[in-house]
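# my questions are about this predicted structure, shown below with the sequence.
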Amino acid sequence: MQDIRLAIFDWDGTLMDSVGRIVACVQGAASDCELAVPAPAQIRQIIGLSLDVAMSRLFGCGDDERQITALTDRYRHHYLHDVTPSPLFVGAEALLRGWHAQGLLLAVATGKSRRGLDRVLDETGLRPLFITSRGADEARSKPDPLMLEQILAELGLLPRQAVMIGDSVHDMAMAEAIAMPRIGVSWGVDNRDVLSRHRPSAVVDTMAALQQLL
């Protein structure tokens, strides 16, 4: 991976340990809307998708915009008030700061909305490290590669000059669609076997192992 100039990160489950909080908030939204509360394993499968797509798929809403809007509104309410801890993974900040200091460009491509992404960038103090970012409401939902294509166009780079780093099958499929190198991390939503289906350059189990790849 000698030609890599840009590392693009997913956020939830890759840099931030927020899966538990997401699960709690989806379950709260379901309860508020008087729907069957999905199990954590079901919710984990839609993490990384844009919120409207995730809710439609998880609850079988189809094109019922009223139901989707109700669920997303209640999810956002719970997310603002939920107290489930969602810290950065151990070693994440050190890795980012180290790569940034080495001159590697950093970006984010996430299923979060722009508002949600801005909030966590400011809360963590990591905003200055990222040259650009895309949220789910600024492109089509993963695994569509549009957000990656937008980032590449903005920076004038080719897919082979970037690497996508993520914890979900959606991240891997998105990068694979445009032949972008990709690295899976096993500490988030999907395990090594699932991530490997999309032929990543590597699947790593620790931040230290990830740091050694670039």
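Cool, got the structure.
# when you work out contacts or count neighbours from here on, use the C-alpha atoms and nothing else.
Fine.
# where exactly do the helices run in this protein?
Here the chain has its helices, by DSSP state H, at 19-32, 40-44, 51-59, 65-81, 92-101, 114-124, 146-155, 169-176, 192-196, 207-211.
# and the fifth one, how far from the chain's centre?
Chain-centre distance of helix 92-101: 18 Å, with C-alpha atoms, centre = their mean, to the nearest Å.
# per-domain residue ranges of the chain.
6-17+87-212, 18-81 (the TED database).
# ok, back up a step: which among the helices of the chain is found nearest to residue 8?
helix 146-155 (8.3 Å; C-alpha to C-alpha).
# give the buried residues for that closest one.
By neighbour count on 16 or more other C-alpha atoms under 10 Å, the buried set for helix 146-155 is 146-149, 151-152.
# what's that helix packed up against?
Where contact means 3 or more C-alpha pairs under 8 Å, 6 or more residues apart in numbering; DSSP states H and E, helix 146-155 is packed against strand 132-134.
# most distant residue from the centre of the chain?
Residue farthest from the centre of the chain, counting by C-alpha atoms, centre = their mean, is residue 34 at 27.9 Å.
# hang on, the earlier thing: export the domains of the chain to a markdown table and tack on mean pLDDT?
Formatted as a markdown table, these follow (pLDDT from 0 to 100):
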| stretch | mean pLDDT |
| --- | --- |
| domain 6-17+87-212 | 96 |
| domain 18-81 | 92 |
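# ok, and the closest non-adjacent residue to residue 152?
residue 158 (6.4 Å; C-alpha to C-alpha, 6 or more residues apart in numbering).
# sorry, back to before: okay, the helices of the chain, which one's buried deepest?
Counting by mean count of other C-alpha atoms under 10 Å, helix 169-176 has the highest mean neighbour count of the helices of the chain, with a mean of 24.
# tell me the angle it makes with helix 146-155.
50 degrees (axes from the mean of the first three to the mean of the last three C-alpha atoms, to 10 degrees).
# pull the CA atoms of helix 169-176 into CSV?
The C-alpha trace of helix 169-176 is given here as CSV (Å, rounded to 0.1, in the frame of the first residue of the first chain):
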residue,chain,number,x,y,z
VAL,A,169,-19.7,-5.0,5.3
HIS,A,170,-21.2,-1.7,4.0
ASP,A,171,-17.8,0.0,4.3
MET,A,172,-16.1,-2.8,2.4
ALA,A,173,-18.7,-3.1,-0.3
MET,A,174,-18.7,0.7,-0.8
ALA,A,175,-14.9,0.7,-1.4
GLU,A,176,-15.0,-2.5,-3.5
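# off-centre distance for that helix?
11 Å.
# which strands or helices does it pack on?
Going by 3+ C-alpha pairs under 8 Å, 6+ apart, helix 169-176 lies up against strand 162-166, strand 182-185, helix 192-196.
# could you give the angle of it to strand 162-166?
170 degrees.
# so what touches helix 169-176?
10, 48-49, 142-145, 148, 164-166, 181-184, 190, 194-195, 198-200 (C-alpha atoms under 8 Å, 6 or more residues apart in numbering).
# buried among those residues? Need that as a selection in PyMOL.
Selecting only the buried entries of these in PyMOL, with 16+ other C-alpha under 10 Å as the criterion:
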select buried, resi 10+48+49+142+143+144+145+148+164+165+166+181+182+183+184+190+195+198+200
